[in-house]
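Asks: Got a predicted structure plus its sequence, pasted below:
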Amino acid sequence: MEADFSISTDYQEHFNPRDYLETYYGAGSGLFLSDGYMQFILKNLFKTFTSGGVHGDIAIEIGSGASIHTFLSACESFREIIATDYSDRSRRELETWLKKEPGAFDWSAVVKLACEMEGDRDKWMQKEAKVRGTVKRVLKCDVTRSNPLEPLLLPAADCLISFLCLQVATKDEDSFYCALKNISSLLKPGGYLVTGGVLGSSCYTVGKKKFSPFPLHKEILEKAIPETGYELLQLITQPHINPAPITLANYYGHFFILARKKDDNLPPRT
Ligand SMILES: C[S@@+](CC[C@H](N)C(=O)[O-])C[C@H]1O[C@@H](n2cnc3c(N)ncnc32)[C@H](O)[C@@H]1O
């Protein structure tokens, strides 16, 4: 399948990661903190990487942008996390936080929330240090390419983590399936895919710029995951608590998926 360069170019040229972080993750006003998304994702990530038993040597985060919340539980379960994204500005914004540079986005409200879920809100500074020590590389990635990390060839990862990326990088069912297969090339057989995002979103705004994701629904996900070479272990959905202002985004709920890349030599997970 041909890559849709117009979407990638849109993110490279028009996606302002700082506006995105302020709008969706800002302490007090962030949409994803007031509509239940952040609580839902943190809770499911915590379960997955503790009682869910998902751990290993290397995890790759696909399309991390400048966000760090998906590393908060994962950093306890992997020796190394490799962050990746298409956009230069998003990778730079992430590095600003990782290197504690002046003007970095303040994630402390989210980090405290994750620590509270893990049982000790007061350890949030240790948690930030742990994330900074575990995310060792920030690489360019394009999920529309058969090797998304081209020209690099990395050893296959134990786990892929990806939130709100595949649905924004694709425009229809075919390209969404293709992206799922492309990223699977980075994963060991039997390795885990931990993914999620929002349901029904065909439009969202960052600053003055509108983006047009592929609108995902539960039925599409239930079909796409097994048909692209993964065993679907969990698909959890919830409606949002507060509808987003229609000028900002038009999703109606959130989803979280735990899947495993098929390996004919492994027994099904019980
Ligand atoms: C809505 S943001 C999500 C960021 C982060 N994962 C989160 O959950 O907040 C979407 C990210 O996907 C990235 N992206 C868009 N097209 C991509 C592609 N073809 N390959 C990899 N990343 C892409 C964008 O640069 C952007 O950082």
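Replies: Happy to help now that I have it.
Asks: I7 - that's part of a helix, no?
Replies: Yes - using DSSP: H, G, I helix; E, B strand; the rest coil, the assignment for I7 is a helix.
Asks: how far away is the residue lying closest to it once chain neighbours are set aside from K262?
Replies: By the measure of Cβ to Cβ, 6 or more residues apart in numbering, the closest residue to I7 outside its immediate chain neighbours is A169, 6.0 Å from it. All C-beta spots, glycine's among them, are computed from the backbone N, C-alpha and C. A169 sits at a distance of 23 Å from K262 (criterion: Cβ to Cβ, to the nearest Å).
Asks: These two: who's more crowded?
Replies: More neighbours surround A169 than the other of A169 and K262, with 28 against 15 (other Cβ atoms under 10 Å).
Asks: V131: neighbour count?
Replies: As a burial measure, the neighbour count of V131 was computed by other Cβ under 10 Å and equals 22.
Asks: Tell me the backbone dihedrals of it, please.
Replies: Per-residue torsions, V131: phi -60, psi -50 (degrees, to the nearest 10).
Asks: secondary structure class for N265?
Replies: Local secondary structure at N265 is given as coil here, using three-state DSSP.
Asks: wait, what's in contact with it?
Replies: Contacts here follow Cβ atoms under 8 Å, 6 or more residues apart in numbering; on that basis N265 touches P189.
Asks: Okay, it and L258: tell me how far apart.
Replies: With distances defined as Cβ to Cβ, the gap from N265 to L258 amounts to 20 Å.
Asks: can you tell me how far the residue nearest to I7 sits from the ligand?
Replies: Between A169 and the ligand the distance is 4 Å, computed by Cβ to the nearest ligand atom, to the nearest Å.
Asks: correct me, but that residue touches S6?
Replies: No - with contacts counted by Cβ atoms under 8 Å, A169 stays clear of S6, the gap being 11.4 Å.
Asks: ok, Q234 - how many residues close by?
Replies: Burial of Q234 is recorded as 13 neighbouring residues (other Cβ under 10 Å).
Asks: Now it: closest residue in space that isn't a chain neighbour?
Replies: Here the nearest residue to Q234 in space, its sequence neighbours aside, is L258; by Cβ to Cβ, 6+ apart that works out to 4.2 Å.
Asks: strands paired with the host helix or strand of that neighbour, and their directions?
Replies: Using DSSP states H and E, L258 sits within strand 253-261. In the sheet containing strand 253-261, the strands it pairs with under DSSP bridges are strand 187-199 (antiparallel), strand 230-239 (antiparallel).
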